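A.B. asks: sequence first, then the predicted structure:
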Amino acid sequence: MNTLRHMLDFGSLNDEEWDSLCREADKIRQNPAAYASARQGAVLATLFFEPSTRTQLSFQTAMLRLGGSVIGFSDPGCSSVAKGESLRDTVKIVGTYADVIVIRSPLEGSAYAASLYSPVPVINAGDGGHLHPTQTMTDLYTLRRELGRCDGLKIGVCGDLYYGRTVHSLLSALARYKGNKFYLISTDSLRIPEYCARELKDSGAEFYEVKTIEECIGELDVLYMTRVQRERFASAEEYQRQAGVYVLTTDKLRHAKSDLVILHPLPKVDEIAPEIDDDPRAKYFAQAENGLYIRMALILWLTENMEHANRKPIHSAYPIPAERICRNPRCVTSREKYLPALAVGDRCAFCAHLVG
Amino acid sequence: MNTLRHMLDFGSLNDEEWDSLCREADKIRQNPAAYASARQGAVLATLFFEPSTRTQLSFQTAMLRLGGSVIGFSDPGCSSVAKGESLRDTVKIVGTYADVIVIRSPLEGSAYAASLYSPVPVINAGDGGHLHPTQTMTDLYTLRRELGRCDGLKIGVCGDLYYGRTVHSLLSALARYKGNKFYLISTDSLRIPEYCARELKDSGAEFYEVKTIEECIGELDVLYMTRVQRERFASAEEYQRQAGVYVLTTDKLRHAKSDLVILHPLPKVDEIAPEIDDDPRAKYFAQAENGLYIRMALILWLTENMEHANRKPIHSAYPIPAERICRNPRCVTSREKYLPALAVGDRCAFCAHLVG
Amino acid sequence: MNTLRHMLDFGSLNDEEWDSLCREADKIRQNPAAYASARQGAVLATLFFEPSTRTQLSFQTAMLRLGGSVIGFSDPGCSSVAKGESLRDTVKIVGTYADVIVIRSPLEGSAYAASLYSPVPVINAGDGGHLHPTQTMTDLYTLRRELGRCDGLKIGVCGDLYYGRTVHSLLSALARYKGNKFYLISTDSLRIPEYCARELKDSGAEFYEVKTIEECIGELDVLYMTRVQRERFASAEEYQRQAGVYVLTTDKLRHAKSDLVILHPLPKVDEIAPEIDDDPRAKYFAQAENGLYIRMALILWLTENMEHANRKPIHSAYPIPAERICRNPRCVTSREKYLPALAVGDRCAFCAHLVG
């Protein structure tokens, strides 16, 4: 009996599994026609409780190019949810329709919660400020293709390092490799959160918090740009004033290495000057295309041997905990009251916030 | 020349047709792979003038698992309709794109209206407070699978019996079988409407209107729970006060039969205590899965021999009636003025309300 | 190396290409089964920055009936766009997912702008008040089928001739054929715009601006009706007062030719009296069905030999023009600031408005 596999957190993959996914993605890229019927007759469901066109199109295309089909919704206002249905019920029902569920939610821990009840594999397409594992997979697969490795690199990460879930995931994943040095470039108000810094320290990785791209660009092998939302600043003026830090211009690339890899999870607004798209070091479009192949490899892996898998959900109902342990208002446990109070160490098992 | 078949009202099926659909659904469940290309190349269109994620996902999955494709919309605000296009025109156009149309509308009689103009089979996915035949098919198919029969049963129906379209359909269908006894459990304000009571009397079925689950639970073979919306009560306090009647708790199951079948059309909110999901008598998730198979069987049946079918709509334009006969403001005839004034006996042919 | 082909403007097709598309559409209509796997494995993306259910369903069905799949979005509020992503980025990314892009936008020139950056063929599904080439293709293909020709015809065009993009496209296309005479029927405020009139004059076509259908109906081979939106008039009363001009009634058809062809791009509201649907001269439903076949032929043509096509976008980044040349606030260049300032003659290359 095969246990159900999920993709909730990139950290759950061991080195062999990750290597295997990358090699499968390479094969798909080289010969897409060979995979065009690989999942014919299978159905992928996208349960998007907050909209994300980019991510949804990427997963839909991945399944379609494997010969499968897609169903789903993309709106928190959609009827069943709006009527107050529990995430557990939604997942149990959709799990009788689909062979794999992709879930995106503003509530942290939603994908983990879904995995407690789903009879089919669950993929976390982003849960609040917590994780976005397939973005991390896309990022690391891109480094692998562009630089041949993920260790011994000097990686600059620029922009919203405080709220940026993509950044936290990336740092967490890259800290596992030997010899990486991180240059964290942000305004003072958007420095990485404490738990992130602690994880970097614990991993033994060197990291430097700097204020500008210019002061470290000459060192970098990788520059990972992220968008900074206006809402993160107190006012439009403050936003403008800080813009100098987080916008990449051709000027700032003057001392960059000739083989620098410039990445961005996209969509981008104005944090990368338009002419940089033509610079051969700009790899963000290739990065987006890589996302398609790595998602195809992931779907193949999670759904292989489905006919032998145990298709019953692992758990069904839990008694409502007497006392909720997690105080994060954006944790899925604040909305889905039946969820068990689970912790991993001193952190909530759903959203990873510290619990009392 | 084969006439077009529609599914507008479960009551239109004779016993042989219903039996045949159930047996086909059983075969599909046993060997889904054998049906995976049954409707390859065919297209199902979902015209949802009010959103219903659950129903839409169910029909989409049904078609995809037959190898077909889906198109459609799910929003009354969508452009053609918002621009004032008649239902007749929408149906005639979409009927040139699709091989089967599934229609959901807040206006009663919409599916019947659509069937007057559609060149392809029409399935009623719910028309206002009138009918929801595929839900009834799902419910009866489930009883057949769980209890082996639909006659000689004691059936409790609980919740919103006044507005609940699903309830009316179910009672109407089960009243056709011999020896069924109905226990109608609701608050005073939500008792079944007069026409429903009359239909039960006319069918010769025994029924009892009771106030609590507890007083009849020991008798029941089937307990069919339904959601009660807050809006049905004058105030939140009134809603809370009445909650005791329509919520099923483990406590109330104490005297229930060991082979009681508990059903719910879903989505559910709080009318079934969460721990009951684990009770082997809870069959509502199996019920949802059955909905998929019976819809697949229905689609197969309605679309067989399409190439020989008369693909011209039965009717096209009617003169606008001098005087509308139906006074129901939610009847489709109140919005689509070109519809003929049709009655069946003393009831509107579209929405079944009594006409002058 | 094959260059990428787009469908941005019907005028870009030469006679042989247009004839070839029509003959392919005929073949598809005669034997749809032969085409049911023609584009299996391929993906069509609908990027709809303003909703249009009709057009979207038509393109989706066209691709599905070729055995392909569809992805896309249909909402300007959708997340990537709302986050401020450039059209260029959206098109470059979606071009790595899909084999053909269908774009609809309220901003004129959007499809042309998309074609500057897309690695795959782009189809213009309507750009503001500028063009809607597949509607024009549908209209001309219908005339070809109904009358056997597009030249030497007397064509009445009625309704909103000022804002009606469909009308402008149709006149422009039909003016290329010899011997056509145009009867432009509208209220005074909705007469064709100056540039349209000039194009007709330059083509040598005869045209008459008239006030009523009645005064010319006896002459017409074709009557092309269009919807007039209430918003085009200053008040509801003004709208009602003018209604007499643009509504087609059975009465007005009294002196019409027996083989008159009545067309309408749909959706229609009240500009054609309902009973006319039954008149054999009413061809607008056949017209909509033709739209499906001609779109299938177009998709086949644009996507043939994809494996040999140059899949790199033609251009990537342009420097921001020092001075925008186009003053049309609805031109895509007013929103996408990186677009080059391009003109064709004295007209903006994107939206065709006169420049400086």
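C.D. replies: Received the coordinates, thanks. Numbering: from 1, shown residues only, chains lettered A, B, ... in the order given.

A.B. asks: ok, and the closest non-adjacent residue to residue A:230?
C.D. replies: residue A:239 (5.0 Å; CB to CB, 6 or more residues apart in numbering or on different chains). Any C-beta I mention is one placed from the backbone N, CA and C, and that applies to glycine too.

A.B. asks: residue ranges for the helices of chain A, please.
C.D. replies: For chain A, helices defined by DSSP state H occupy the ranges A:15-30, A:53-64, A:79-82, A:87-97, A:110-115, A:133-147, A:165-174, A:194-203, A:236-246, A:284-303.

A.B. asks: interface residues of the stretch 51-200 of chain A facing chain C?
C.D. replies: Contact residues (CB under 8 Å from any CB of the partner chain) of the stretch 51-200 of chain A with chain C: A:51-54, A:57-58, A:60-61, A:64-65, A:67.

A.B. asks: and these, which two are furthest apart?
C.D. replies: A:51 and A:67 (26.5 Å; CB to CB).

A.B. asks: still on that earlier bit, now mean neighbour count, mean pLDDT and distance to residue B:348 too, for the helices of chain A, in TSV please.
C.D. replies: Shown next, in TSV, are those (neighbours: other CB atoms under 10 Å in any protein chain shown; pLDDT from 0 to 100; distance: least, CB to CB, whole Å):
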stretch	mean neighbour count	mean pLDDT	distance to residue B:348
helix A:15-30	16	97	57
helix A:53-64	25	95	42
helix A:79-82	18	61	27
helix A:87-97	24	95	34
helix A:110-115	29	95	45
helix A:133-147	22	98	53
helix A:165-174	23	92	55
helix A:194-203	14	90	64
helix A:236-246	14	78	59
helix A:284-303	23	97	49
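
A.B. asks: mind checking those helices for the one nearest to residue C:187?
C.D. replies: For residue C:187, the closest of the helices of chain A is helix A:53-64, at 41.1 Å, according to CB to CB.

A.B. asks: can you give me how far that closest one is from the chain middle?
C.D. replies: On the basis of CA atoms, centre = their mean, to the nearest Å, helix A:53-64 is displaced by 14 Å from the centre of the chain it belongs to.

A.B. asks: also stretch A:249-258?
C.D. replies: 28 Å.

A.B. asks: run through who's touching that stretch.
C.D. replies: A:213-214, A:217-218, A:220-221, A:223, A:260, A:273, A:275-276, A:279, A:281 (CB atoms under 8 Å, 6 or more residues apart in numbering or on different chains).

A.B. asks: how about a cut-off of 7 Å?
C.D. replies: If you take CB atoms under 7 Å, 6 or more residues apart in numbering or on different chains as the criterion, stretch A:249-258 is touched by A:213-214, A:217-218, A:220-221, A:273, A:275-276, A:279.

A.B. asks: number of nearby residues for the residue in chain A that chain B sits nearest to?
C.D. replies: Taking CB to the nearest CB, chain B has its nearest neighbour within chain A at residue A:85, 3.6 Å off. Look at residue A:85: counted by other CB atoms under 10 Å in any protein chain shown, it has 19 neighbours.

A.B. asks: with adjacent residues omitted, what lies nearest to it?
C.D. replies: Residue A:85 sits nearest to residue B:267 (CB to CB, 6+ apart), 3.6 Å away.

A.B. asks: that neighbour contacts residue A:83, correct?
C.D. replies: Yes. With contacts counted by CB atoms under 7 Å, residue B:267 reaches residue A:83, the gap being 5.3 Å.

A.B. asks: more neighbours, those two?
C.D. replies: The neighbour count for residue B:267 versus residue A:83, taken as other CB under 10 Å, is higher for residue B:267 (21 against 16).

A.B. asks: lowest pLDDT pick from the contacts of stretch A:249-258?
C.D. replies: Among those, residue A:275 carries the weakest pLDDT, at 88.

A.B. asks: mind checking how far that one is from chain C?
C.D. replies: Taking CB to the nearest CB, to the nearest Å as the measure, residue A:275 falls 5 Å from chain C.

A.B. asks: how many residues are close by that residue?
C.D. replies: Other residues close to residue A:275 by other CB under 10 Å number 16.

A.B. asks: check residue A:280 too.
C.D. replies: Look at residue A:280: counted by other CB under 10 Å, it has 9 neighbours.

A.B. asks: nearest spatial neighbour of the residue nearest in space to the middle of chain A, skipping sequence neighbours?
C.D. replies: Residue closest to the average C-alpha location in chain A (CA atoms, centre = their mean): residue A:132, at 1.9 Å. Spatial nearest neighbour of residue A:132, chain neighbours left out: residue A:126 (4.3 Å); criterion: CB to CB, 6+ apart.

A.B. asks: and the one you found, what does it touch?
C.D. replies: Residue A:126 is in contact with A:52, A:55, A:104, A:132, counting by CB under 7 Å, 6+ apart.

A.B. asks: from memory the third one sits against residue A:125, does it?
C.D. replies: Yes. Contact status for residue A:104 versus residue A:125: in contact at 4.0 Å, counting by CB under 7 Å.

A.B. asks: out of the two, which sits in the busier spot?
C.D. replies: Set residue A:104 next to residue A:125 and count neighbours by other CB under 10 Å: residue A:125 wins out with 27 against 24.

A.B. asks: hmm, residue A:103 and the more buried one touching each other?
C.D. replies: Yes. The pair residue A:125 / residue A:103 is scored as a contact, 6.2 Å apart, by CB under 7 Å.

A.B. asks: residues touching whichever residue of chain A sits closest to chain C, list them.
C.D. replies: In chain A, no residue comes nearer to chain C than residue A:267, which is 3.6 Å away by CB to the nearest CB. Counting by CB under 7 Å, 6+ apart, residue A:267 touches A:54, C:80, C:83, C:85, C:89.

A.B. asks: now render these as TSV, adding distance to residue B:75.
C.D. replies: Shown next, in TSV, are the contacts of residue A:267 (distance: CB to CB, whole Å):
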residue	distance to residue B:75
A:54	22
C:80	20
C:83	22
C:85	24
C:89	27
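
A.B. asks: could you give the number of residues near residue A:51?
C.D. replies: 19.

A.B. asks: check what pLDDT it gets.
C.D. replies: On the pLDDT scale, residue A:51 is placed at 84.

A.B. asks: residues contacting residue A:342?
C.D. replies: The contact partners of residue A:342, by CB under 7 Å, 6+ apart, come to residue A:349.

A.B. asks: do you know the pLDDT at it?
C.D. replies: On the pLDDT scale, residue A:342 gets 90.
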